[in-house]
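K.L.:
Mind folding the following:
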Amino acid sequence: TPLLVPHWAHTRRQQGTTVLLARCAGLDRMVPLHPLMAALDQFVESDRRRAQALFGPQPAYRNLMDVPRGDPTPAVIAPALNPSVRRRMFEVMLSTFSHMASAGPTAIVLDDIHLAGELTRAWVEFARARPSGVPLLIVVTQLLNTRMSSRVDDRITLGPLDLAAARMIVGSQRAEELHALTGGNPLFLRQLAVTDQHAGLPATIRQAVDTRCDQLGPAARTLRTAAAIGHVIDPDLLMEVLNLHPVDLFAHLEAGVKAIFLDEGAGAFTFHHQLVREALAAGPTGPWRTRRRLPAAPPRHAPRPPP
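P.N.:
Numbers count the residues shown, from 1 in each chain. Presented below is the predicted three-dimensional model:
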């Protein structure tokens with residue numbers, strides 16, 4: 001969604017809707033409701049006159065992190081421990097957005113909500129269950145196979161681009177080649193189109209894959225090691241190299257399937273896309289065979305597909 005969300009927001013703003021973009025990231029897991037507060041701060045700073053007319057000199061949401069005297073609980077963890085504090089935060093945030101919407105159509109976009117902390121996801125459920133009677137739209141974007149909100153009015157699933165769409169992005173000359181190479185992935189298409197064909201995998205693709213892989217916790221190391229070995233996952237070799245219990249290994253592989261790094265079929269796990277495997281193998285932890293100083297394909301009873 002790197003281009004889709006800003007384009008949608010720009011179009012809606014031209015039509016008179018106030019759009020607040022809230023980008024979810026790791027910080028949200030430490031600071032309660034951080035994406036929502038950051039989006040409101042950006043709105044206040046970008047249009048101070050309008051913000052003061054709506055909220056007054058001191059918006060109520062900015063007082064949410066204040067800790068009452070004598071309360072030893074740090075503000076950043078109080079909402080998770082204290083139900084009354086949590087509910088107050090939720091109500092103040094909903095009231096703030098509803099007040100904006102009472103002055104005109106308002107949309108909140110929570111981009112990459114699969115990266116959000118538990119409180120932000122819980123606030124979305126809270127707001128969805130309490131219709132405010134004002135034109136307030138909540139839009140969330142997330143990866144496929146990640147946990148979806150239980151209350152969704154409309155869902156749009158974005159699949160790979162077809163060849164005609166690829167031609168619009170990269171031009172006719174290399175469209176067929178790059179579409180076959182990327183499987184229609186928009187990010188891969190755009191980056192490869194502006195990269196020297198002999199320069200290797202673009203850093204932007206490696207970084208995007210690395211960021212998603214890091215979100216899988218312990219499974220990330222398993223996937224990077226598997227990527228350096230080959231296209232087809234070798235469970236026995238992975239258990240030997242990483243000293244993993246079979247239950248842990250297959251939990252890691254299932255996490256890879258859910259994140260669309262791996263495919264499962266015909267009794268084997270394979271990488272969903274060759275470019276993803278290359279990006280993981282070139283990730284920040286370095287190549288598996290360099291770390292371990294073991295051959296990439298030790299002798300086995302059954303032949304293994306070449307990496």
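
K.L.:
Okay, helices next: where are they in the stretch 51-200 of the chain?
P.N.:
Along the stretch 51-200 of the chain, counting by DSSP state H, counting those that start in this stretch, helices occupy 78-81, 83-102, 118-128, 163-170, 172-182, 186-193.

K.L.:
what about Ala129, how many neighbours?
P.N.:
Ala129 is flanked by 9 other residues according to other CB atoms under 10 Å. The C-beta positions use only the backbone N, C-alpha and C, and glycine is treated the same way.

K.L.:
Packed most tightly, which of the helices of the stretch 51-200 of the chain would that be?
P.N.:
Looking across the helices of the stretch 51-200 of the chain with neighbours counted as mean count of other CB atoms under 10 Å, the highest average goes to helix 186-193: a mean of 20.

K.L.:
For that helix, give the mean pLDDT please.
P.N.:
Averaged across helix 186-193, the pLDDT comes to 80.

K.L.:
Contacts for it, please.
P.N.:
Residues outside helix 186-193 that contact it (CB atoms under 8 Å, 6 or more residues apart in numbering) are 2-3, 161, 166, 169-171, 174, 178-179, 181-182, 202, 204-205, 208, 275.

K.L.:
same thing but 10 Å
P.N.:
Contacts of helix 186-193 with the rest of the structure, by CB atoms under 10 Å, 6 or more residues apart in numbering, involve 1-4, 158, 160-161, 165-166, 169-171, 173-175, 177-179, 181-183, 185, 199, 201-206, 208-209, 273, 275-276, 279.

K.L.:
that older thread, got the helices of the stretch 51-200 of the chain as CSV, with distance to Ile233 columns?
P.N.:
Below are the helices of the stretch 51-200 of the chain laid out as CSV (distance: least, CB to CB, whole Å):
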stretch, distance to Ile233
helix 78-81, 37
helix 83-102, 42
helix 118-128, 31
helix 163-170, 29
helix 172-182, 22
helix 186-193, 22
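
K.L.:
Leu216: which of those is closest?
P.N.:
Closest of these to Leu216 is helix 118-128, at 17.5 Å (criterion: CB to CB).

K.L.:
For the helix or strand hosting Asp41, output the C-alpha coordinates as CSV.
P.N.:
Assigning secondary structure by DSSP states H and E places Asp41 in helix 34-46. Only the C-alpha atoms of helix 34-46 are listed here, as CSV (Å, rounded to 0.1, in the frame of the first residue of the first chain):
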residue,chain,number,x,y,z
HIS,A,34,0.7,5.9,19.4
PRO,A,35,-0.5,5.9,15.8
LEU,A,36,-3.7,7.6,16.6
MET,A,37,-2.0,10.3,18.7
ALA,A,38,0.7,10.9,16.1
ALA,A,39,-2.0,11.3,13.4
LEU,A,40,-3.8,13.8,15.6
ASP,A,41,-0.6,15.7,16.4
GLN,A,42,0.1,16.0,12.7
PHE,A,43,-3.4,17.4,12.0
VAL,A,44,-3.0,19.9,14.9
GLU,A,45,0.4,21.1,13.7
SER,A,46,-0.6,21.3,10.0
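
K.L.:
what helices or strands is it leaning on?
P.N.:
Contacts defined by 3 or more CB pairs under 10 Å, 6 or more residues apart in numbering; DSSP states H and E place helix 34-46 against strand 18-23, helix 48-55, helix 83-102, strand 106-111, helix 118-128.

K.L.:
Among those, which comes closest to Leu238?
P.N.:
Of all the helices and strands packed on helix 34-46, helix 118-128 sits nearest to Leu238, with 31.1 Å by CB to CB.

K.L.:
and the most centrally placed residue in the chain, what pLDDT?
P.N.:
Centroid-nearest residue in the chain: Asp112, 4.0 Å away (criterion: CA atoms, centre = their mean). In this model, Asp112 is scored at 85, pLDDT.

K.L.:
Touching, it and Ala208? I think so.
P.N.:
No. Using CB atoms under 10 Å, Asp112 is not in contact with Ala208, being 11.7 Å away.

K.L.:
Skipping its backbone neighbours, what lies nearest Ile113 in space?
P.N.:
Val140 (4.3 Å; CB to CB, 6 or more residues apart in numbering).
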